[in-house]
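*Asks:* any chance you can model this:
(one chain, ligands or ions: 1)
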Amino acid sequence: MNKSIQTLIDRLEQNHALTEAEYAALITGRTEEAAAYLAEKARHARRRVYGDQVYIRGLIEVSNICRNDCLYCGIRRSNTNCARYRLTAEQILSCCRSGYALGFRTFVLQGGEMDTHMVDAVCRVVRAIKAEFPDCAVTLSLGEYPAEAYQAMFDAGADRYLLRHETADRAHYQSLHPASMSFDNRMRCLRDLKATGYQVGCGFMVGSPGQTAQTLAKDLKFVETFAPAMCGIGPFIPHRDTPFRDKPAGSVELTLYLLSILRLIRPTLLLPATTALGTLRPDGREQGMLAGANVVMPNLSPPDAREKYTLYNGKLHSGAESAQQVAELKQRMSAIGMRVVTDRGDAAAG
Ligand code: SAH
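*Replies:* Numbering: from 1, shown residues only. Okay, here's the model as predicted:
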């Protein structure tokens with residue numbers, strides 16, 4: 001292996017930090033050998049913090065109605081081919097009930113971005129979930145809101161919030177989003193979420209149009225300095241009804257390499273092997289774990305919602321019952337020496 005890449009990896013393992021230029025060099029210097037060396041260190045770092053545990057989150061896709069128009073996303077407002085839906089509170093609770101029986105102790109409510117007047121309804125659902133399942137964590141992933149709305153949802157009992165920053169480069173951010181959205185507001189949201197007291201998750205797509213080693217280096221520096229509890233990354237996958245329909249999908253190998261880097265930047269990070277990774281490779285989730293991930297988010301949405309929550313084409317939404325999925329996941333994880341646990345799965349301290 002190239003000596004200077006090895007030195008960078010060793011230094012990252014020691015110091016949990018590199019300069020932006022060094023992150024970029026690490027990315028452009030990626031070889032199979034370097035990836036294997038890095039992944040081994042990432043697994044070691046994960047094992048020291050989390051042992052052999054895999055945390056699972058039950059993902060509930062609550063609505064695909066969205067006021068935003070992100071250029072990459074299949075549920076963007078201007079996609080008129082998208083059949084819109086919103087789950088009722090009772091449907092969401094019923095997803096939680098089946099999830100609880102399967103061992104889930106975190107429910108993630110994800111959806112398109114709603115108008116602010118829907119915040120009350122979100123608060124009511126969160127309160128109902130926490131009343132029925134006081135031993136569970138509720139994670140929200142519903143997009144950008146004013147600080148007061150984040151506060152209200154937190155007061156209702158939400159524990160965590162996922163809001164991918166998407167890219168830490170301002171010009172790149174603008175090229176992925178309509179003019180009505182701004183990099184500054186995305187960052188404002190992440191700061192407000194943290195200040196409110198949420199365990200916050202950021203993240204980005206790998207291989208989004210216009211991404212470079214330099215923009216990725218900024219993403220890594222951002223994770224290093226923002227110090228989130230979680231970070232979700234997965235390959236970009238084109239959707240036929242978006243302006244990015246002809247853009248190539250992101251690379252699985254680069255995603256795995258970045259997972260390993262993130263594990264070394266922040267050993268306690270909750271790092272999911274995402275659905276997008278599982279979509280591009282049948283064993284994507286196992287590969288993610290072997291690269292240093294420690295979280296999987298199986299889908300608990302009702303089958304017809306899964307079908308309509310199409311962020312990108314080919315998205316995994318197998319008709320398989322959730323129970324079947326969990327049994328299979330447990331088996332797959334134990335085959336690589338890991339163990340799915342029934343636990344809220346909070347981030348380790350430190
Ligand atoms: N409305 C919420 C949830 C968005 S969907 C929010 O704004 O946070 C969750 C994530 O899916 C997005 O943050 C984005 O990074 C990812 N995503 C969207 N379209 C995608 C695509 N075409 N390929 C891969 N990931 C995509």
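*Asks:* C-alpha only now, for contacts and for neighbours.
*Replies:* Will do.
*Asks:* how about the strands in the stretch 101-250 of the chain?
*Replies:* Remark: strands assigned in the stretch 101-250 of the chain by DSSP state E, counting those that start in this stretch are 106-111, 137-141, 160-162, 199-206, 230-235.
*Asks:* export those as a markdown table, with columns for mean pLDDT, distance to the ligand and mean neighbour count.
*Replies:* What follows is those, written out as a markdown table (pLDDT from 0 to 100; distance: least, C-alpha to the nearest ligand atom, whole Å; neighbours: other C-alpha atoms under 10 Å):
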| stretch | mean pLDDT | distance to the ligand | mean neighbour count |
| --- | --- | --- | --- |
| strand 106-111 | 98 | 5 | 24 |
| strand 137-141 | 98 | 5 | 24 |
| strand 160-162 | 98 | 7 | 26 |
| strand 199-206 | 98 | 5 | 23 |
| strand 230-235 | 98 | 6 | 25 |
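*Asks:* which bits of the protein sit near the ligand?
*Replies:* 72-73, 110-113, 141-143, 163-164, 166, 204-205, 235-239, 311-312 (C-alpha under 6 Å from any ligand atom).
*Asks:* narrow those residues to those in helices?
*Replies:* Using DSSP state H, no member of the residues of the chain next to the ligand sits in helices.
*Asks:* adding distance to residue 56, write the strands of the stretch 101-250 of the chain out as TSV.
*Replies:* Formatted as TSV, the strands of the stretch 101-250 of the chain follow (distance: least, C-alpha to C-alpha, whole Å):
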stretch	distance to residue 56
strand 106-111	7
strand 137-141	12
strand 160-162	14
strand 199-206	15
strand 230-235	13
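*Asks:* surely residue 95 touches residue 62?
*Replies:* No - if you go by C-alpha atoms under 8 Å, residue 95 and residue 62 don't touch, sitting 10.2 Å apart.
*Asks:* what residues of stretch 127-143 count as buried?
*Replies:* Neighbour-count burial for stretch 127-143 flags 127-130, 133, 136-143 (criterion: 16 or more other C-alpha atoms under 10 Å).
*Asks:* now for those residues: which two are most distant?
*Replies:* 133 and 143 (24.2 Å; C-alpha to C-alpha).
*Asks:* next up, phi/psi of the spatially closest residue to residue 308 that is not a sequence neighbour, please.
*Replies:* Once flanking residues are discounted, residue 308 sits nearest to residue 83: 6.3 Å by C-alpha to C-alpha, 6 or more residues apart in numbering. Dihedral pair for residue 83: phi -80, psi 120, per degrees, to the nearest 10.
*Asks:* okay, now residue 83: neighbour count?
*Replies:* 14 (other C-alpha atoms under 10 Å).
*Asks:* packing partners for the biggest helix by length in the chain?
*Replies:* Ranked by residue count and defined by DSSP H, the top helix of the chain is helix 32-50. Using 3 or more C-alpha pairs under 8 Å, 6 or more residues apart in numbering; DSSP states H and E as the contact test, the elements touching helix 32-50 are helix 3-15, helix 252-265.
*Asks:* residue 73 versus the residue nearest to residue 308, what's the distance?
*Replies:* Residue 83 sits at a distance of 14 Å from residue 73 (criterion: C-alpha to C-alpha, to the nearest Å).
*Asks:* can you pull the contacts of the nearest residue to residue 280 once chain neighbours are set aside?
*Replies:* Closest residue to residue 280 apart from its sequence neighbours, by C-alpha to C-alpha, 6+ apart: residue 252 at 7.3 Å. By C-alpha atoms under 8 Å, 6 or more residues apart in numbering, the residues touching residue 252 are 235, 277, 280, 281, 284.
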